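Peer 1: A structural model of the following input is requested.
(one chain, ligands or ions: 1)
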Amino acid sequence: MSRRQGVIRRERAGVFWLEAEVISATGRVIHAFSTRRGGVSEGPWSELNLGHGTGDRPERVTENRRRLLAALGLAGREFVTARQVHGSHLMVVSGPREAAAVAAAPADGLLTASSAVALAILTADCLPVLLVDPRRSAVAAVHSGWRGTVQRIAGRAVRRMTEEFGSAPADLRVAIGPGIGPCCYEVDWPVLEQVAAAFPGAEDTLITPVRKGRALFDLRAAVLYDLKETGVPGENVTVVEECTACQAEWFFSYRRDGQSTGRMAAVIGLREGTGCREGKGYPEETGAGRER
Ligand SMILES: [Zn+2]
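Peer 2: Residues are numbered from 1 along each chain as shown. The predicted model follows:
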């Protein structure tokens with residue numbers, strides 16, 4: 001895995017993950033884009049598979065989640081995932097007691113101002129997107145495959161952070177995590193039509209035709225475009241340019257390996273003392289109020 005601008009590779013107790021400096025530098029959150037290295041799973045799920053429902057043994061997934069949170073210094077936090085369905089629905093997580101309900105709910109983006117949970121998005125080619133508002137102490141995690149991307153779920157998450165927490169888009173720090181790169185992501189005409197409809201005037205920068213009815217789609221560029229149009233400055237966004245399909249030793253890839261593969265997690269949690277322990281929204285005692 002090559003070294004990229006603004007992206008740091010970290011390791012603890014054999015668990016490897018990536019961090020974006022643009023997020024670490026806020027000092028407000030702990031975050032990670034996991035790799036496949038450092039867990040107890042075997043075979044096609046080796047090693048750090050974090051997704052249940054992948055064919056892997058559940059107790060191994062649970063142990064892998066425990067190891068990742070321990071390595072990050074988030075031991076004991078509730079690992080909160082949603083039932084990802086390639087839609088654009090976003091859920092606000094008030095606290096750890098909601099974890100079971102959130103896990104059963106169809107949603108592809110989670111938001112919180114609670115420092116008692118760790119939000120997690122599971123992927124194996126789709127893009128995970130982590131967002132932080134260091135002023136309002138709020139975070140979001142989003143799952144953006146092609147369907148989520150053409151529904152512009154990253155931009156929706158920005159607007160929802162504004163509604164829920166009073167976030168100003170210009171304050172946000174965002175990292176687009178490892179996913180399938182434009183090198184490997186060939187798509188067909190029905191997808192290309194939806195890309196063109198979702199990003200009118202920008203499709204030529206997102207799509208590279210390869211043969212009749214087929215083209216390479218740059219998911220990262222599309223999410224970055226969406227974020228910028230929503231008001232997030234480009235310099236506040238880091239794009240992790242590792243391609244999950246190219247790098248079998250580091251990442252799971254659904255397109256490369258098919259049904260039997262693991263999932264990476266993009267995890268984010270507010271540091272203790274920066275968010276609220278319970279309750280929806282931004283803590284009132286800061287006196288910051290809401291801005292629209
Ligand atoms: Zn690739």
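Peer 1: Every contact and neighbour count from this point should use C-alpha atoms.
Peer 2: Noted.
Peer 1: For the chain, what lies in contact range of the ion?
Peer 2: Contact residues, the chain versus the ion (CA under 5 Å from the ion): 181, 183-184, 243, 246.
Peer 1: Mind giving me the PyMOL select for those, buried ones only?
Peer 2: Selection command for PyMOL covering only the buried members of the residues of the chain next to the ion, criterion 16 or more other CA atoms under 10 Å:
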select buried, resi 181+184+243+246
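Peer 1: doesn't Ala140 make contact with Leu110?
Peer 2: Yes: under the criterion of CA atoms under 8 Å, Leu110 makes contact with Ala140 at 5.5 Å.
Peer 1: Quick check: neighbours shared by these two?
Peer 2: By CA atoms under 8 Å, 6 or more residues apart in numbering, Leu110 and Ala140 have these common neighbours: Leu119.
Peer 1: Neighbour count: these two, which is higher?
Peer 2: Ranked by neighbour count (other CA atoms under 10 Å), Leu110 and Ala140 place Ala140 first, with 30 against 24.
Peer 1: could you say which helix or strand contains that one?
Peer 2: strand 138-144 (DSSP states H and E).
Peer 1: contacting residues around the following helix or strand past that strand?
Peer 2: Going down the chain from strand 138-144, the next helix or strand is helix 146-150, by DSSP H and E. By CA under 8 Å, 6+ apart, the surrounding residues in contact with helix 146-150 are 86-88, 108, 126, 191, 194-195, 198-199, 219, 222-223.
Peer 1: Beyond helix 146-150, next helix or strand please.
Peer 2: Downstream of helix 146-150 (by DSSP H and E), the next one is helix 153-165.
Peer 1: Name the residues that touch that next one?
Peer 2: For helix 153-165, contacts defined as CA under 8 Å, 6+ apart pick out 88, 90, 109, 111, 113, 129, 136, 138, 140, 142-144, 167-169, 223, 226-227, 229-230, 281-282, 290-292.
Peer 1: the inter-axis angle of it versus strand 138-144?
Peer 2: 160 degrees (axes from the mean of the first three to the mean of the last three CA atoms, to 10 degrees).
Peer 1: Now find how far off-centre the following helix or strand past helix 153-165 is within its chain.
Peer 2: Using DSSP H and E, the next helix or strand after helix 153-165 towards the C-terminus is strand 173-176. Between the centre of strand 173-176 and the centre of its chain there are 9 Å (CA atoms, centre = their mean, to the nearest Å).
Peer 1: for whatever helix or strand Val102 lives in, packing partners?
Peer 2: Per DSSP H and E: Val102 is located in helix 99-104. Packing partners of helix 99-104 (3 or more CA pairs under 8 Å, 6 or more residues apart in numbering; DSSP states H and E): strand 78-80, strand 90-93.
Peer 1: Tabulate the ones you listed in TSV, adding columns for mean neighbour count, mean pLDDT and distance to Trp45.
Peer 2: Below are the helices and strands packed on helix 99-104 laid out as TSV (neighbours: other CA atoms under 10 Å; pLDDT from 0 to 100; distance: least, CA to CA, whole Å):
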stretch	mean neighbour count	mean pLDDT	distance to Trp45
strand 78-80	22	94	19
strand 90-93	20	97	28
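Peer 1: got those strands as JSON lines, with distance to Glu21 columns?
Peer 2: Formatted as JSON lines, the helices and strands packed on helix 99-104 follow (distance: least, CA to CA, whole Å):
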{"stretch": "strand 78-80", "distance to Glu21": "23"}
{"stretch": "strand 90-93", "distance to Glu21": "25"}
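Peer 1: I'm done for today, thanks for sticking with me.
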